[in-house]
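**Student:** how does the following fold in three dimensions:
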Amino acid sequence: MEYEQIATEAKDGILTVRLDRPDRMNAYTFRMRAEISDALDRADADDDIRVVVFTGSGRAYCAGADLEQGAQTFDATAHAAVTGEPEPAPEDFRDDGGKLVMRLFRSTKPLIAAVNGPAVGVGATMTLPMDIRIASSDARFGFVFARRGITPDGCSTWFLPKVVGIDRALEWCFTGRVFDAAEAHEARLVREIVAPEDLLDRAYEIAHGIAERTPAVAVAVTRALLWGMQSEPDPWTAHRLESRALHWAGQSEDAREGVLAFLEKRPPNFGLTVSRDLPDHLRSWPAE
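**Tutor:** Numbers count the residues shown, from 1 in each chain. Presented below is the predicted three-dimensional model:
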């Protein structure tokens, strides 16, 4: 797939995905979702890629949905008329931001959001399934859906309360107001704030800590377990699935290497890969 609305660069085990419509403040389109999904497909299939970092070109991260269709921007019937595609029945309709978020959620590689500027609407919700979010002091956030006369997208009614708590999620979504990086940090929407010129360096520092010191397969399974347990009412499912993962991992080459490297006081050389060695029963969620 030729990329028109994102730019990618792979270096030292890290794939950088840059939302790349700076003249439109990286406003989100269906095309952008398709390109991001394609980049994630490639990353999951490439064992040399260990971490994916997302950021934006220019002064914005993502200003939300592109409103070039005006009043009909969010009208599925109008969209079908323009594209000539059949309009799905209401019960079959799936919001495009949700499609992107679910693809991000299924990633086998850790995802880091380096939010360099305004991130509103889908620009904010797309960061929620990412594993680590850091922000420039220039960043701004807004779950602005109510101000546009619509309801939240991107599975954010599931993710946002888990990240910041139900009362904060409700207030942000009810008011639709835009808030600064300091409030995002205080609410734990982002883990830290850094100077704009240091943002990517900090993201890469975190990414290198994952790529250079941990095994790919164990990280992929850990990511699935931690996210998957968010909807479980008690620890029993976690106990069952962790036990199955540990039963497999404990007999693996990576487990032996991790212990020997520690005892021998040397850097580990993990050899298992996600594409080749991840067992089928650990490859998808929920694992059974």
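
**Student:** quickly note the distance from Glu253 to Ala216.
**Tutor:** Relative to Ala216, Glu253 is positioned 12 Å away (criterion: CB to CB, to the nearest Å). From N, CA and C alone the C-beta is placed, and that goes for glycine too.

**Student:** could you tell me which residues touch both of the two?
**Tutor:** With contacts taken as CB atoms under 8 Å, 6 or more residues apart in numbering, Glu253 and Ala216 have Leu272 as neighbours in common.

**Student:** more neighbours: which of the two?
**Tutor:** When Glu253 and Ala216 are compared for neighbours, Ala216 comes out ahead with 27 against 13, by other CB atoms under 10 Å.

**Student:** identify the residues contacting that one.
**Tutor:** 47, 50, 270, 272-274.

**Student:** just the buried residues of those.
**Tutor:** The neighbour-count test (16 or more other CB atoms under 10 Å) applied to those identifies 47, 50, 270, 272, 274 as buried.

**Student:** how about the contacts of Ala216, which pair is most distant?
**Tutor:** Comparing all pairs in the contacts of Ala216 by CB to CB, the longest separation belongs to Arg50 and Leu272, at 12.4 Å.

**Student:** one step back: and which of the contacts of Ala216 is nearest Phe174?
**Tutor:** Distance from Phe174 was checked for each of the contacts of Ala216 by CB to CB. The minimum falls on Arg50, at 39.4 Å.

**Student:** tell me the pLDDT at Thr237?
**Tutor:** According to the per-residue confidence, Thr237 scores 91 in pLDDT.

**Student:** Ala89 too?
**Tutor:** Among the per-residue scores, Ala89 holds a pLDDT of 80.

**Student:** repeat for the one 10 residues further on
**Tutor:** Looking at Lys99, its pLDDT reads 94.

**Student:** rewinding a little: from the buried ones among the contacts of Ala216, which land in helices?
**Tutor:** Within the buried ones among the contacts of Ala216, membership in helices is found for Val274, as judged by DSSP state H.

**Student:** for the buried ones among the contacts of Ala216, which one is nearest Ala249?
**Tutor:** Ala249 lies nearest to Leu272 out of these, by CB to CB, at 9.3 Å.

**Student:** export stretch 233-245 as PDB, just CAs?
**Tutor:** In PDB, the C-alpha atoms belonging to stretch 233-245 read as follows (Å, rounded to 0.1, in the frame of the first residue of the first chain):
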ATOM      1  CA  PRO A 233     -14.600  -9.500  37.300                       C
ATOM      2  CA  ASP A 234     -12.100 -11.500  39.400                       C
ATOM      3  CA  PRO A 235      -8.600 -13.000  39.300                       C
ATOM      4  CA  TRP A 236      -9.500 -16.500  38.400                       C
ATOM      5  CA  THR A 237      -9.400 -16.100  34.600                       C
ATOM      6  CA  ALA A 238      -6.000 -14.300  35.000                       C
ATOM      7  CA  HIS A 239      -4.800 -17.200  37.000                       C
ATOM      8  CA  ARG A 240      -5.900 -19.800  34.400                       C
ATOM      9  CA  LEU A 241      -4.500 -17.900  31.400                       C
ATOM     10  CA  GLU A 242      -1.300 -16.800  33.100                       C
ATOM     11  CA  SER A 243      -0.700 -20.400  34.200                       C
ATOM     12  CA  ARG A 244      -1.100 -21.600  30.600                       C
ATOM     13  CA  ALA A 245       1.300 -18.900  29.300                       C
END
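
**Student:** buried sites along that stretch?
**Tutor:** Neighbour counts over stretch 233-245 (16+ other CB under 10 Å) mark 241-242, 244-245 as buried.

**Student:** what's the answer for stretch 89-104, then?
**Tutor:** Of all the residues in stretch 89-104, those buried under the rule 16+ other CB under 10 Å are 95-101, 103-104.

**Student:** again, but for stretch 17-37
**Tutor:** Judged by neighbour count using 16+ other CB under 10 Å, the buried positions of stretch 17-37 are 17-21, 24-29, 32-37.

**Student:** chain center to that stretch, what's the gap?
**Tutor:** Centroid separation for stretch 17-37 versus its chain: 14 Å, with CA atoms, centre = their mean, to the nearest Å.

**Student:** can you check the distance spanned by that stretch, start to finish?
**Tutor:** Length of stretch 17-37, first residue to last, CA to CA, to the nearest Å: 11 Å.

**Student:** then stretch 22-40?
**Tutor:** This stretch, stretch 22-40, spans 21 Å end to end (CA to CA).

**Student:** picking up where we left off before, out of the contacts of Ala216, which comes closest to Asp12?
**Tutor:** The shortest gap between Asp12 and any of the contacts of Ala216 belongs to Arg50, at 9.0 Å (CB to CB).
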